[in-house]
Each structure stands twice: as structure tokens, then as C-alpha cells.
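Student: Below is the sequence, then the predicted model.
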Number of protein chains: 2
Amino acid sequence: MIPENKIDQAIRELFDGFSFPDRPEGLYDPLRYMIEIGGKRIRPKLCLTTYGLYKDDLGPEILGPASALEVCHCFTLIHDDIMDGSPLRRGEPTVWKKWSPDTAILSGDAMLIDSYKRVAMAPPGVLGDALNLFSTTAAEVCEGQQFDMDFENVVRVPMEDYMKMIGLKTGVLIACSAKMGALIGGASGKDCANLYKYGYNLGLAFQVADDYLDAYGDEKVFGKPIGGDIVHNKKCWLTTRALDKAPDPLKIEEVANMLVDTQEDKERKIAAMMAVYKELEVGRDAQEEICRLTDKAMEYAAKVCSGVRYEQLRRFADKLIGRTR
Amino acid sequence: MIPENKIDQAIRELFDGFSFPDRPEGLYDPLRYMIEIGGKRIRPKLCLTTYGLYKDDLGPEILGPASALEVCHCFTLIHDDIMDGSPLRRGEPTVWKKWSPDTAILSGDAMLIDSYKRVAMAPPGVLGDALNLFSTTAAEVCEGQQFDMDFENVVRVPMEDYMKMIGLKTGVLIACSAKMGALIGGASGKDCANLYKYGYNLGLAFQVADDYLDAYGDEKVFGKPIGGDIVHNKKCWLTTRALDKAPDPLKIEEVANMLVDTQEDKERKIAAMMAVYKELEVGRDAQEEICRLTDKAMEYAAKVCSGVRYEQLRRFADKLIGRTR
């Protein structure tokens, strides 16, 4: 087993000493930038945590694939930010905004390829499985982004479809992280499958929590302006739930379509939608859903381990979702 | 050994029966489209050809990686066409033009990921090497595209830098195709290295020939309008060479900067540049360079094999470059 402080230290060393080729600068500078502006390194941390359920030491055969998960996540952010037209990421200008859309396309490509170089460091005996897991996951993340874009043209998305979309866009990469560590650690197929489901449900809980915080969070802690989803009329768990349970869904659609030309418009729209949420108690529903999904994740964890190992998975979940629980 | 007609048949079967997932359609329709609008399948053909130097039968362990090379090539085309703003590819609308830039970004990503799924079909014993070869190559192709874009802001590119750029953009993937077949066929490290150089020089010859045909080709055979590089002031082998040997390079830059608002402007510009080429005899230089590079490729081929095997590599080179020789 590998204790949390040792994992945290390994993650720090890994990303402090991260390197990409020097030239051409126009291609690799954005990669350095994306890693440097930070992030919580959730995915590599989870990967090292599940690896540590089976092994006692960290080497390149796990640190390589663990870092691949973060690099792949950054690749999806670079390209998603172009498609979504997002100017800011973690409080800093996005790559397409800081450089150009062309640079963001090409640097994103280079980042995806770089992530595969890191997956290739997995031990030969499990390389084929690790590679297929990684590719399947990366393809699913693209599918999730496509569904997300498709939903922009749909007025009402059923909750089932919304959960499937966030499962692809957020769930599978966290699930893959949990399974990757176990796979390389030498876990059984059964353990791998259960840890995948642990990660998947945790990923869903994480996204629902993110949606919740977009409306109910503290701007300083959350890191971006509150109400962004409402202002931009973006599909999220709260509106999906509200449309599901509202006696008069047309009223919600009316609020969603309110124009936001001025700062006052924005504030009025946020206030109107928050009133809808309050009336329908969807904030409480979201909190319940987050708990339900986290509990489900822990049920799968319990199938894999107990005692100190189970507690480590419990603490990982608490830290990840802790912001709202 | 595997005869050419058997390779051609395998290639036909491979791409006629090509399949991608059905949903989301918005993501995978462009992938089908890119494969269906064709291409000469040079890269998978070369891969099967070098494989056939060592083996007598084709199975999924080589057909998967061979198809990966074509899929990866298509991925680079989809993204390059966005960056270059090209409306047409093989006489058909490009993906970003037919769908949208966002779709082209995401479908290109899915195509790159799909190519890795195909590389993963390589035999376990060489999977690590095949994967590293493929990733290194894909990264180099991105570097080549970056240098190509960087060159747009440079008035005079030295021939050495131009050759390095087309080496990355075109040479390495053809080199990788030749080496991949050998590697999976069980060739020695020395054979793999020589076949890589065979492919690399062939790739350079192919690109110089493409540049030559852009000015001197037959529009019906070439598949796109003649003089495109001249009209769009795109760096190519002919202008690079002309600037290198001209007593008065400023005169060439003047022609290169001629405006092309009307069809007459275009024709006048093409005629002016063709006159420069003629005066400096750069067309003849290009033909000599193509022969020199092809001869160099065949020298590497001669280090690997002789007799019927060598002849097969010779015929592959002739067919690829044949249009100008």
C-alpha cells in the first residue's frame, strides 16, 4: 500500500518536473502552459491510489500512464475551449484565446499524442489492455462532447440522456484512471471492473457537484463566476431536473431564453432561475443525488477492499466531492 | 513474400469494409466520409509491402496497424484543412466546410484515437515498439505542420529548412509505414532502419513531385487547379529553389506578392512566376532532385533485399513517383 502523503509528493514531483520538447515553440509552449496553470491532478492521483492498493512502490511504469491521464484531460480542455468559445480556464486565458484557434487545434493534437507516449510506459504484459482502455475512454470523451454540443439544439433533454452525456464527458476518464492503476498494479479483472464503477460513479457525483456549485457555490472557492450555466443557457443537472419535475416547464424555458445584453440582464436572469430552483427544490435534489452517487461508488469500493485500503478510497471520494457534502 | 495483386486486393477489402461506430452520427459521419472520398492508400500499401518481405500471409495483426496509417493520415488532413482554410480535398468539400470547424476538430480527434485502436492490434511482442514509432511519427507530423505555418511569416526559407519541414510533414509518415510493416514482419533492427530511410527519401521525392506538379502538372491527372501554390503564395520547392539561385531574389518576391483579386490577376501571376521558373530552370532542378531522392531511397532498399523483393520495392517507388519521371 502507498500512503496518501507519498502519493501527493509523487504528484508534485511529477508535474513540477514536467517536460515537453523545446521546438517548435509555437507547438509545445501551449502544452507547458496548460500543465503549469494547474488543476487538482485528480485523475493521476486516483490512478496512483488504486495502484497503491496492490503495490508498495512507485516507478515509471505507473507514473507514465498516470501522467497520461492528466495530459489527455488537458487535451480535451484545449479543444473543448475552442468549440465552446470559452475565454478563461482556471482564471487564465484559454489556449485559443492566448495564442490562436489554429495553435490550439495543433497543440491539442500534440498533447493527445504525448499522452499516448506516456501510456506506452505501462509494463509490456498489460500494455495492450492499458492501451485499449485508454483509447476507448478517449473516444468516449469525444462522444460526450459531441452529445453536449448536440444538446445545445434541443430544448428539453431527458435526465437519462443528460446523465449518459456527463458519464461520457466526465465519468469515463475518472473511471479509466481508477481502473488503469489497478490494471498496472496487477489486480484481478473483477477488481478492475469494480474500481472502474467506483470511478465512474464518483465522476458523475463530481459533475453534478460542479453543476450545483455553478449556481450555489462561493465564487472565491469555485474559481469562476457563479451563475455561468444559467447566463449562457447551458444544459446542467439543475435545469434538467427542474424541467423534469416542473408543473409548467414552459415557464422555465421562458427564463432560460431571457436575453443577457447587460450586467443587469444577467443578474435578473440568474435571480429568476434561482427562484425556479428554490420553488422546485432542485438544489436539495442535487445534493441528494451527489450523496446517492458517492454511496454507490463506495459500494463498489467495498467489493474490492476493506480496512485501511477502503478508508483511503473513502477519503479520496470525500476530498473530491467534499466541497458540497 | 506477398505479391502486389494480393496486397492490392487486401487494401480494397480493408477500405471497402471500413467501419466506425454509428452514434453519435455528428462525430463519426465525417470519419466515414474521409475514408470514402478515397486516396491512393499509399501508406497502408507500403506497410503491407515491407511486411511481405518477411511474411507470406496477411492477418489482423498487420492489417490493423496498416489501416492505422491511413486513418492517421486522414486525421492530419481534417485538421490541416481547417488551419489552411482549404475548401476542397480530392475534389470534394473538406470536413470543416461540409460540416463545421467544431465538427472537424472533434472528428479529427476521434480519428486520431481510432488510429491508435488499430495500432493496438500489433502482436504483443512488438506492440511497445510499434506504439512508440507511431506516436513519435504523429508528433513529428504536427511539428511539420507548425513549421509550415511558421514559414508563412518568413519571406525566404532556406532549402535546408524547407526539406526538413516536408520531411516532418510528409516524409516521416511514409517512413513509419515502411518500418511498421518490417517491424511487425519480424525484420532485424538494421532492416527496419534501412526501410525507414527508404520510405523517408521516397516521401521527400513524393512531396517535391507534388510541388512540381502543382506548377507543371496536367489538371485532370493532378486533381486540383494548376498554379495553386503560386496564387496563394505558398512555400514550395520551386520558389525555395528559385530564391536560392536567383541573381535578384527581390524580383521573385515582387512576383510572389502580386495581388490576385480577379481571375486575370491569378493568370498573370502564374504566368510571371512560371517565367521566373523557366529562366532559372528550377523545373529541371526539381526533376533532378526527385530522381536523386528516389535513387537514394533505392540504395537503402538494396541494403535490405535483392531480386524479386528489391524489384517490388522498385515498382512501389516508380508507381508513387511515376507521374513525373
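Tutor: Structure's in. What do you need? Here the structure is a predicted model, which means the values were calculated and not measured. Residues are numbered from 1 along each chain as shown, chains lettered A, B, ... in the order given.
Student: Where does pLDDT dip in chain A?
Tutor: Low-confidence segments of chain A (pLDDT under 70): A:223, A:323-325.
Student: does A:Lys296 sit in a helix or strand, and which one?
Tutor: Per DSSP states H and E: A:Lys296 is located in helix A:282-304.
Student: distance of the spatially most central residue of chain A from A:Arg43?
Tutor: Geometric centre of chain A, nearest residue: A:Thr170, 4.3 Å, by C-alpha atoms, centre = their mean. Note on A:Thr170: its distance to A:Arg43, by C-beta to C-beta, to the nearest Å, is 11 Å. Quick note: C-beta positions are derived from backbone N, CA and C, even for glycine.
Student: that older thread, C-terminal to the helix holding A:Lys296, what's the next element?
Tutor: Scanning forward in sequence from helix A:282-304 by DSSP H and E, the next helix or strand is helix A:307-321.
Student: what's that next one packed up against?
Tutor: In terms of contacts (3 or more C-beta pairs under 8 Å, 6 or more residues apart in numbering or on different chains; DSSP states H and E), helix A:307-321 is packed against helix A:42-51, helix A:189-216, helix A:282-304.
Student: make it 10 Å
Tutor: Judged by 3 or more C-beta pairs under 10 Å, 6 or more residues apart in numbering or on different chains; DSSP states H and E, helix A:307-321 is in contact with helix A:4-16, helix A:42-51, helix A:172-185, helix A:189-216, helix A:282-304.
Student: Need the contact partners of that helix.
Tutor: The contact list for helix A:307-321, computed with C-beta atoms under 10 Å, 6 or more residues apart in numbering or on different chains, reads A:1-4, A:7, A:40, A:42, A:45-46, A:49-50, A:52-54, A:174, A:178, A:195, A:198-199, A:201-203, A:205-206, A:208-209, A:290-291, A:293-295, A:297-298, A:300-302, A:304-305, A:322, A:325.
Student: Report the buried residues of it.
Tutor: A:309, A:312-313, A:316-317, A:320-321 (16 or more other C-beta atoms under 10 Å in any protein chain shown).
Student: And for stretch A:13-21?
Tutor: Buried residues in stretch A:13-21 (16+ other C-beta under 10 Å): A:14-15, A:20.
Student: I'd like those residues laid out as CSV, including distance to B:Val141.
Tutor: Shown next, in CSV, are those (distance: C-beta to C-beta, whole Å):
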residue, distance to B:Val141
A:Leu14, 27
A:Phe15, 27
A:Phe20, 16
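Student: Using CSV, list the CA coordinates for stretch A:277-288.
Tutor: C-alpha atoms of stretch A:277-288 as CSV (Å, rounded to 0.1, in the frame of the first residue of the first chain):
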residue,chain,number,x,y,z
TYR,A,277,-34.7,26.2,-8.5
LYS,A,278,-35.8,27.2,-5.0
GLU,A,279,-39.5,26.7,-5.7
LEU,A,280,-38.9,23.2,-7.1
GLU,A,281,-36.2,22.4,-4.5
VAL,A,282,-33.8,21.1,-7.2
GLY,A,283,-30.8,22.3,-5.1
ARG,A,284,-31.7,19.8,-2.4
ASP,A,285,-32.4,17.1,-5.1
ALA,A,286,-28.8,17.7,-6.4
GLN,A,287,-27.3,17.2,-3.0
GLU,A,288,-29.2,14.0,-2.6
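Student: So which residues make contact with that stretch?
Tutor: Identification of contacts with stretch A:277-288 by C-beta under 10 Å, 6+ apart yields A:208-209, A:211-213, A:215-216, A:230, A:236-247, A:251-252, A:274, A:276, A:289, A:324-325.
Student: again, 8 Å this time
Tutor: By C-beta atoms under 8 Å, 6 or more residues apart in numbering or on different chains, the surrounding residues in contact with stretch A:277-288 are A:208-209, A:211-212, A:215-216, A:237-238, A:241-242, A:245-246, A:324-325.
Student: give me the subset of those touching chain B.
Tutor: Filtering those for proximity to chain B by C-beta under 8 Å from any C-beta of the partner chain leaves nothing.
Student: Nearest to B:Glu152 among those residues?
Tutor: Distance to B:Glu152 across the contacts of stretch A:277-288 (C-beta to C-beta) is lowest for A:Asp211, with 42.3 Å.
Student: Would you mind listing the residues in contact with that closest one?
Tutor: The neighbours of A:Asp211, taking C-beta under 8 Å, 6+ apart as the test, are A:229, A:236-238, A:286.
Student: gap between it and A:Ala286?
Tutor: Distance from A:Asp211 to A:Ala286, counting by C-beta to C-beta: 7 Å.
Student: Kindly report the same for A:Leu58.
Tutor: Taking C-beta to C-beta as the measure, A:Leu58 falls 36 Å from A:Ala286.
Student: Kindly report the same for A:Pro247.
Tutor: Distance from A:Pro247 to A:Ala286, by C-beta to C-beta: 20 Å.
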